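> can't give you the sequence, but here's the structure:
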């Protein structure tokens, strides 16, 4: 039951993403030939007025097929006939919809559960927080030069320090103060973690405007963290075997999260939606970000990038992505992440 909920939730994110492309294609007067959810063999198909709607076997992707997307077509309703700027709006609409979905999801959760501000409400005795000079009422603004949007940004900065000192900028009675503090390694419930020794200020009954504002902060925070994680993966600071998960891990994690209730699952889907948006915006061939780079080149140079170059780049990029997906999936099966 929980796995089915997880698969449906993951499929919802794909629908949201592809719906963004579909809507902006229609807004720009582009003919959509097919709207597909999933990849692989076709399970169900229905012909609309001009669009074929299909459901495919594997819920790991989807696509919107537009007239003139892969080659020039002499038709005013083709993708290729539109200006680079119009095509960019269509390409970016998928990731935009994923971000909007996350903001809505976080707003619902925050309005029901509340949130915590980055203002210190209590200091633990005999801790680095006391030794550094932090005070109750200090609002943490940055950690090691990075802007703080949520308490998670602070927690991640502390853990990534691995015990080295971190530089905080806090707002104290309207004045900015610089604080240097060295996290201390502790063991809690059998898990080792770095800690400074303070508590945040809870907001239990936020207004609608506070919920929306905090959902934007949560979204920006997760986007930033996702980019940091990708950078750590590229630089080898993440263990591929133990820290990286693919579709199998996502479905398993979603199933586990679903057991904790609808709100927890909703937050997890918002988190995955942000990751999906960021991944698609990477400037890599076959991804939305790669398409955007090509169209920006056309917009700036006012010259069309040759179809052969675009086709070759997208083909190579697609094969690399498929290969990576296969490797990650095999890794999920052979070396599953402990949940």
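Received the coordinates, thanks. Note that the structure is a prediction, hence the values are computed from the model and not measured. Numbering: from 1, shown residues only.
> quick one: low-confidence parts of this protein?
Applying pLDDT under 70 to the chain flags the ranges 1-6, 60, 236-260, 325, 328-339.
> residue furthest from the geometric center of it?
residue 126 (38.0 Å; Cα atoms, centre = their mean).
> Need the three-state assignment for that one.
Under DSSP: H, G, I helix; E, B strand; the rest coil, the three-state class of residue 126 is coil.
> Please report the distance of it from residue 186.
Between residue 126 and residue 186 the distance is 12 Å, computed by Cβ to Cβ, to the nearest Å. Backbone N, C-alpha and C define where each C-beta goes, glycine included.
> Tell me where the stretch 201-339 of the chain has helices.
Per DSSP state H, counting those that start in this stretch, the stretch 201-339 of the chain carries helices over the ranges 208-234, 240-243, 247-258, 262-280, 288-301, 307-334.
> Residue 18: neighbouring residues, count only.
Neighbourhood size, residue 18 [other Cβ atoms under 10 Å]: 20.
> no, scratch that, I was asking about residue 207
Using other Cβ under 10 Å, residue 207 has 10 other residues around it.
> Number the chain from 448, please
That works, and once the first residue is 448, the last one we named lands at residue 654.
> now it: how far from residue 556?
Residue 654 sits 15 Å away from residue 556, taking Cβ to Cβ as the criterion.
> which residues of the stretch 548-697 of the chain fall in strands?
In the stretch 548-697 of the chain, the strands defined using DSSP state E, counting those that start in this stretch lie at 562-570, 586-590, 593-594, 613-619, 622-628, 631-635, 638-642, 645-650.
> what would these look like in TSV with distance to residue 757 and mean neighbour count?
Converted to TSV, the strands of the stretch 548-697 of the chain look like this (distance: least, Cβ to Cβ, whole Å; neighbours: other Cβ atoms under 10 Å):
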stretch	distance to residue 757	mean neighbour count
strand 562-570	44	17
strand 586-590	41	18
strand 593-594	36	12
strand 613-619	45	18
strand 622-628	49	13
strand 631-635	51	11
strand 638-642	47	13
strand 645-650	49	16
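> how about the ones you listed, which one is nearest residue 484?
strand 562-570 (33.1 Å; Cβ to Cβ).
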